[in-house]
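Student: Model the structure of this input:
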Amino acid sequence: MRRLGDVMATALHPVCTQHGITPMQLRLLLSLYYDGPQTASTLAENNCMAHGNSSALCKRLAQQGYILRQRPPQDERRVLISLSPAGRQ
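Tutor: As a prediction, the model looks like this:
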């Protein structure tokens with residue numbers, strides 16, 4: 001699995017460099033693209049990463065304008081993460 005991850009990171013490096021993101025950030029963006037809006041916890045579970053790492057990556061992606069973080073009115077304790085128009089592109 002580690003080797004597969006390394007091969008994928010090498011293959012995705014040009015795309016990531018072009019957009020100023022890391023391969024892990026690209027994985028989160030792709031997860032949101034294919035699975036739709038999710039919480040940071042769900043993103044972490046779906047991408048086999050620690051919850052803290054997922055939250056930190058999401059924070060950077062939000063600062064770069066690739067994702068939106070919104071609190072649903074029915075439960076303001078949760079944060080729903082979705083792609084912004086720039087992230088979708």
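Student: count of neighbours near Ala9?
Tutor: Using other CB atoms under 10 Å, Ala9 has 15 other residues around it. From N, CA and C alone the C-beta is placed, and that goes for glycine too.
Student: How about the one 4 residues further on?
Tutor: Close neighbours of His13, defined as other CB under 10 Å, add up to 13.
Student: got the CA positions of the strand or helix carrying it in PDB?
Tutor: Assigned by DSSP states H and E, His13 belongs to helix 2-19. Extracted C-alpha coordinates of helix 2-19, given in PDB (Å, rounded to 0.1, in the frame of the first residue of the first chain):
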ATOM      1  CA  ARG A   2       2.800   2.400   0.800                       C
ATOM      2  CA  ARG A   3       4.400   1.800  -2.600                       C
ATOM      3  CA  LEU A   4       1.100   2.300  -4.300                       C
ATOM      4  CA  GLY A   5       0.700   5.600  -2.500                       C
ATOM      5  CA  ASP A   6       4.200   6.700  -3.500                       C
ATOM      6  CA  VAL A   7       3.500   5.800  -7.200                       C
ATOM      7  CA  MET A   8       0.300   7.700  -7.100                       C
ATOM      8  CA  ALA A   9       1.900  10.700  -5.400                       C
ATOM      9  CA  THR A  10       4.600  10.800  -8.200                       C
ATOM     10  CA  ALA A  11       2.000  10.500 -10.900                       C
ATOM     11  CA  LEU A  12      -0.200  13.300  -9.400                       C
ATOM     12  CA  HIS A  13       2.800  15.600  -8.600                       C
ATOM     13  CA  PRO A  14       2.500  17.800 -11.800                       C
ATOM     14  CA  VAL A  15      -1.200  18.400 -11.200                       C
ATOM     15  CA  CYS A  16      -0.600  19.200  -7.500                       C
ATOM     16  CA  THR A  17       2.300  21.500  -8.200                       C
ATOM     17  CA  GLN A  18       0.300  23.400 -10.800                       C
ATOM     18  CA  HIS A  19      -2.500  24.100  -8.300                       C
END
